[in-house]
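Asks: Sequence and predicted structure are below.
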Amino acid sequence: MGSQEQPCYTLIQGPPDTEQPSEMQLKQDLENSDIVGKIGALKKVIQLILNGERLPGILMTVIRFVMPVEDHTVKKLLLVFWEIVPKTTSDGKLLQEMILVCDAYRKDLSHPNEFIRGSTLRFLCKLKEPELLEPLMPTIRLCLEHRHSYVRRNAVLAIFTIYKNFDFLIPDAPELISNFLEGEQDMSCKRNAFMMLIHADQERALTYLSTCIDQVNSFGDILQLVIVELIYKVCHANPSERARFIRCIYNLLNSNSPAVRYEAAGTLVTLSSAPTAIKAAANCYIELIVKESDNNVKLIVLDRLVALKDSPQQEKILQELAMDVLRILSTPDLEVRKKTLNLALELVTLRTVTEMVEVMKKEVGKTHNTVEHEDTGKYRQLLVRTLHTISIKFPEVAASVIPILMDFLSDNNELAATDVLVFVREAIQRFQDLRPQIIERLLSALPTICSVTVHCHTLWILGEYASTTGEVLGVVSAVRVSLGDLPIVEDEMRKAAGEGNTEEQQQLEGDKTTHTQSQQQKVTADGTYASQSVFSTTLSTHKADDSPPLRKYLLEGNFYLGAVIANTLVKLAFRYISLDSELSVQNKLCGEVMLVISSIIHLGKSGLPNKAMTDDDFDRMMLCLQVVSESNASLSTIFTEQCRTALSHMLAAKAEEEEAQRRDKRGGAAAKVVEHVDDHIAFTHLTRGGDPASSDDMFDVSMSVAVSGGKKEGVDLSTSKLSKVTQLTGFSDPVYAEAYVHINQYDIVLDVLVVNQTSDTLQNCTLELAPLGDLKLVEKPQPVVLAPKDFCNIKANVKVASTENGFVFGNIVYDVKGSTSDRNVVILNDIHVDIMDYIVPATCTDLEFRKMWSEFEWENKVTVNTHMTGLKEYLDYLCRSTNMRCLTPEKALGGSGDYMAANLYAHSIFGEDALANLSIEKPLDSPGAPVTGHIRIRAKSQGMAISLGDRVNKVQKATIKSAGA
């Protein structure tokens, strides 16, 4: 074999600091009788040959002094040695010494130890010299009759490989293996033999399968997998064979092996579109998901089940299995449950909706009876949203769903309770006959609510939809009870001063005395006495213990709730006026409303709450007070009608947007160009079965995707690769270097091309790297030797720990051969690791966005600096450049205006969230002026907030440069 055709072998890396032994020393160690010394020397020989060293005199020494040794470790090392040692002369002729080696192979193939026989047979699969294999063929045939299965199965593999590479050495291999297969009992041997027949003589494989097709279920799983592969290939190449073998696939759906059942179900779906086949495959997938313990396997099989639904014909069949799909909810993993609920939502029909709601009710009950966990709250949210969607889709079940969901209002999980109110708001708007029931349930749940946000939502719904005098008075009474005695300030001061009942007065006086005594002994750090009023201390204790819920929130400083109460009471007052014509009753209710509002305003200005009332809340409550006092028809219309009209418009826009998304999702596959008009037409009956272009083999396609990762449509790979190349040195430097930065989630591979531009040999040329940020160098690159004008590629792996910009600094250090000067250094340009490689667009609800916005503590405010003049144009450019998704609906961004506000969201591969709020405007006096404003970025970590802000500044500079050009 010529030097240009040397095969590539497995490389064994040796320690870099060891001294290279001489050939003479190696010969002495190999001739030594000590087994340990022989093993060490043989390992060194193997490493040297792998590293390209030529050791021509060592071959005969190994044959004379090492091959006769019976030690198993030596035998294993010899197999590696014979694989890599050059076996031919420079002109391609076999070395004379290999005749002796061939005789040694023959002896090992007849060795009484089955391990040595089997290992030698496996080694023969790697030989590429037919001259060495030809004398061994009779011995290899005899190994098919060995008593041990390890030898027999490796003999089959050896025959298969030899027949595939050099069929003239054993032309009767298919017949030999076919006869062997009929008499073999071991499953691993039968699997290897059957696999060979599939690739060497498919007709013989089919003949064997036909003789034992009724016994397939009794075979081992490794053989069953090969049978599934054969049936798929045969039926795909020759569809007329489907009727012959499809019953076998049905039987394999009941195999004991999950892998066999999975492959059989996938094959059945591709071979047949009959309803019974689709149903059987779907049932098999569901059983696998329920019984398999690995969550990764569950998700993979669940994706297969979701893919089945994409076909309209198959979706109708899967709709009959909607209740079986819900069995997957027994899995505790949240991601599996989320996918299952989404799939069930798409499969639910009028026939199964009642049963599905009952199952959901049971699942809701289970979340109440378990120990509270983070995933429990999230699962509860998923159930609420699912029931919400089902109720809107099928109004007839809404009446039975509402009582179940109302129990969530008193839940400690604020997000689940808020999701319930979002559903209630939509249900009470859409289903007028359910309004009395919903109002009654909300009034009964009002005292048990434990969240100020949920209280705000509930009061808004009650104020908007209480439509009878009884309901209006009931809401006003509930608000009065939740606020306690009025006026609030006088009542709190009376309680604090001890002017309540006698027992309370005595208790407060005792608390006051105790506190006064303890107060006298308080001294601050600078030596002065601390002063604190008894009133404030007693009041805070009282607030924490006995205050009604709404009053407690107000005393804590939540005066947005006060504005909601005022708004609700004004609506109720106007509605009551339209329902009851008696003037005195109207005035009485209006006076009560004004008392409540003025009492809240007084409390806000009194200084008693923990936080002061904001000007916005004060203005809103004063406006409500003025509106009630004036009470004219135009204001009544705004409060009682236009608010509900705005809600109906919002719900209609939301429904229209969801329908458009559903339509796009369904029509996306149909609208996609499957074949162009000038594509070649492949007629399966006119093409050879072996032609790789004749069909899309599922196994070949899946293997290709697994190896190459698939090609993204619309992406020019050469362009995308070149865009990631960073020049590290100048063209005039003695060493030129450039790096290709390949990012694979948590790992960064730096493939550095180093070019020696000098006429000297560079020794110990080392790439030294120093990462900055949350980057860590896995291992230092090894030194290399560069010949004059030579080049090489050096790879370095860097681990990434978090989502933020990182830098890798470095230099190249080398010695010049024959020079006595110090080491030479070339400083490299820094390599920038961009945050954009780690974040992807994501979606979340408005409530989740607000919750994260309030929780995230790091904020970065970036000023908009661009030459763009369009508000929507700038928003789209920002989303494209930062990998963030706009959460604000498209309808809210449409139309013409001078300002825009939008929320953006992205998620990193490390589980971190990035939020952004864009507030921009155009000057009124100059429409052609560029947009101005700010971008507020919030994240949980400082690095992510800063890095995203740097990215925004960078893309803004790009717009300025392009405009200047």
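Replies: Alright, I've got the coordinates.
Asks: what pLDDT does A916 get?
Replies: On pLDDT, A916 comes in at 91.
Asks: And it, how close does it get to L948?
Replies: 7 Å (C-beta to C-beta, to the nearest Å). C-betas here are computed from N, CA, C, even on glycine.
Asks: Same check on K87?
Replies: Taking C-beta to C-beta, one finds K87 at 60 Å from L948.
Asks: higher neighbour count, these two?
Replies: L948 (30 against 19; other C-beta atoms under 10 Å).
Asks: Please name the residues that touch the more buried one.
Replies: By C-beta atoms under 8 Å, 6 or more residues apart in numbering, L948 lies in contact with 835, 839, 860, 882, 914, 916, 937, 939.
Asks: for K724, same thing?
Replies: 740-742.
Asks: can you rerun that using 10 Å?
Replies: Residues counted as contacts of K724 (C-beta atoms under 10 Å, 6 or more residues apart in numbering) are 739-743, 751, 834, 837.
Asks: What confidence value was assigned to it?
Replies: According to the prediction, K724 has pLDDT 72.
Asks: got it, and R936?
Replies: For R936, the model assigns a pLDDT of 91.
Asks: before we move on, which element is it in?
Replies: strand 932-939 (DSSP states H and E).
Asks: Mean confidence (pLDDT) on the next helix or strand after that strand, please.
Replies: Downstream of strand 932-939, the first helix or strand assigned by DSSP H and E is helix 942-964. Averaging pLDDT along helix 942-964 yields 76.
Asks: Could you list the alpha-carbon positions for helix 942-964 in CSV?
Replies: Extracted in CSV, the C-alpha atoms of helix 942-964 (Å, rounded to 0.1, in the frame of the first residue of the first chain):
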residue,chain,number,x,y,z
GLN,A,942,-25.6,41.5,36.2
GLY,A,943,-23.5,40.0,33.3
MET,A,944,-26.5,39.3,31.2
ALA,A,945,-28.0,42.8,31.6
ILE,A,946,-24.7,44.5,30.8
SER,A,947,-24.0,42.2,27.8
LEU,A,948,-27.4,42.7,26.3
GLY,A,949,-27.1,46.4,26.7
ASP,A,950,-23.7,46.3,25.0
ARG,A,951,-25.3,44.4,22.1
VAL,A,952,-28.0,47.0,21.7
ASN,A,953,-25.4,49.8,21.6
LYS,A,954,-23.4,47.9,19.0
VAL,A,955,-26.3,47.3,16.7
GLN,A,956,-27.4,51.0,17.1
LYS,A,957,-23.9,52.1,16.0
ALA,A,958,-24.3,49.9,12.9
THR,A,959,-27.4,51.8,11.9
ILE,A,960,-25.6,55.1,12.3
LYS,A,961,-22.6,54.0,10.2
SER,A,962,-24.9,52.7,7.5
ALA,A,963,-26.9,55.9,7.4
GLY,A,964,-23.6,57.9,7.3
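Asks: Work out the gap between that helix and the centre of the chain.
Replies: 27 Å (C-alpha atoms, centre = their mean, to the nearest Å).
Asks: where along the stretch 401-550 of the chain do the helices fall?
Replies: Here the stretch 401-550 of the chain has its helices, by DSSP state H, counting those that start in this stretch, at 414-430, 435-445, 452-465, 469-483, 488-497, 502-519, 534-546, 549-555.
Asks: Now for S273: which residues touch it?
Replies: Counted by C-beta under 10 Å, 6+ apart, S273 has contacts 311, 313-314, 317.
Asks: make it 8 Å
Replies: 313-314.
Asks: three-state assignment of it?
Replies: When classified by DSSP: H, G, I helix; E, B strand; the rest coil, S273 comes out as coil.
Asks: Do a quick rundown of the strands in the stretch 51-200 of the chain.
Replies: Counting by DSSP state E, counting those that start in this stretch, the stretch 51-200 of the chain has no strands at all.
Asks: how about low-confidence regions in it?
Replies: Filtered on pLDDT under 70, the stretch 51-200 of the chain yields the residue ranges 51-52, 92.
Asks: What ranges does it have for its helices?
Replies: 58-65, 72-84, 98-109, 114-124, 130-133, 137-143, 149-165, 173-183, 187-200.
Asks: Ramachandran angles for L728?
Replies: phi -100, psi -30 (degrees, to the nearest 10).
Asks: about what we covered before: could you check the angle helix 942-964 makes with the strand holding R936?
Replies: 150 degrees (axes from the mean of the first three to the mean of the last three C-alpha atoms, to 10 degrees).
Asks: mind listing what's buried in strand 932-939?
Replies: 933, 935-939 (16 or more other C-beta atoms under 10 Å).
Asks: what's the closest non-adjacent residue to T340?
Replies: Spatially, and ignoring its direct neighbours in sequence, T340 is nearest to I328 (4.4 Å; C-beta to C-beta, 6 or more residues apart in numbering).
Asks: okay but the one you found is in contact with I286, surely?
Replies: Yes. I328 lies in contact with I286 (C-beta atoms under 8 Å); the separation is 6.9 Å.
Asks: Looking at the two, which is more packed in?
Replies: I328 (23 against 19).
Asks: can you tell me which residues contact the more buried one?
Replies: 286, 289-290, 298, 302, 336-337, 340.
Asks: how much space between it and L305?
Replies: Taking C-beta to C-beta, one finds I328 at 9 Å from L305.
Asks: now swap in T468 and tell me
Replies: As judged by C-beta to C-beta, T468 and L305 stand 49 Å apart.
Asks: of the two, who's got more company?
Replies: L305 (24 against 14).
Asks: Now do the more buried one against V269, distance only.
Replies: 11 Å.
Asks: same check, this time on A902
Replies: On the measure of C-beta to C-beta, A902 and V269 end up 43 Å apart.
Asks: before we move on, what about F910?
Replies: Distance, F910 to V269, using C-beta to C-beta: 36 Å.
Asks: ok, now E241?
Replies: 17 Å.
Asks: Pull the residues that contact the helix or strand harbouring T766.
Replies: Using DSSP H and E, T766 falls within strand 762-772. For strand 762-772, contacts defined as C-beta under 8 Å, 6+ apart pick out 735, 737, 750, 752, 754, 756, 777, 780-781, 783-786, 794, 796, 798, 806-817, 823.
Asks: ok, now stretch 353-361?
Replies: With C-beta under 8 Å, 6+ apart as the test, stretch 353-361 has contacts from 322-323, 326, 329, 344, 348, 383, 386-387, 390, 393-394, 396-397, 400-401, 404.
Asks: Show me the helices in the stretch 651-800 of the chain, by range?
Replies: Under DSSP H, counting those that start in this stretch, the stretch 651-800 of the chain gives helices at 698-708, 717-722.
Asks: tell me the average confidence for the first one?
Replies: Confidence over helix 698-708 (mean pLDDT, whole number) is 54.
Asks: One more: stretch 792-807?
Replies: Across stretch 792-807, pLDDT averages out at 76.
Asks: start to end distance for that stretch?
Replies: 23 Å (C-alpha to C-alpha, to the nearest Å).
Asks: cool, stretch 61-80 as well?
Replies: Termini of stretch 61-80 sit 16 Å apart (C-alpha to C-alpha).
Asks: which parts of that stretch are buried?
Replies: Those buried within stretch 61-80 under the rule 16+ other C-beta under 10 Å are 61-63, 65-67, 69, 74-75, 77-80.
Asks: Please apply the same query to stretch 628-635.
Replies: 628, 631, 635.
Asks: That stretch: how far from the chain's middle?
Replies: Taking mean C-alpha positions (C-alpha atoms, centre = their mean), stretch 628-635 and its chain are 55 Å apart.
Asks: got the CA coordinates for that stretch in CSV?
Replies: Presented in CSV, the C-alpha positions along stretch 628-635 are these (Å, rounded to 0.1, in the frame of the first residue of the first chain):
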residue,chain,number,x,y,z
VAL,A,628,-69.7,60.6,41.8
SER,A,629,-70.5,64.0,43.2
GLU,A,630,-71.3,65.5,39.8
SER,A,631,-73.0,62.4,38.3
ASN,A,632,-73.7,63.3,34.7
ALA,A,633,-74.8,61.1,31.8
SER,A,634,-71.6,61.3,29.7
LEU,A,635,-69.4,60.2,32.6
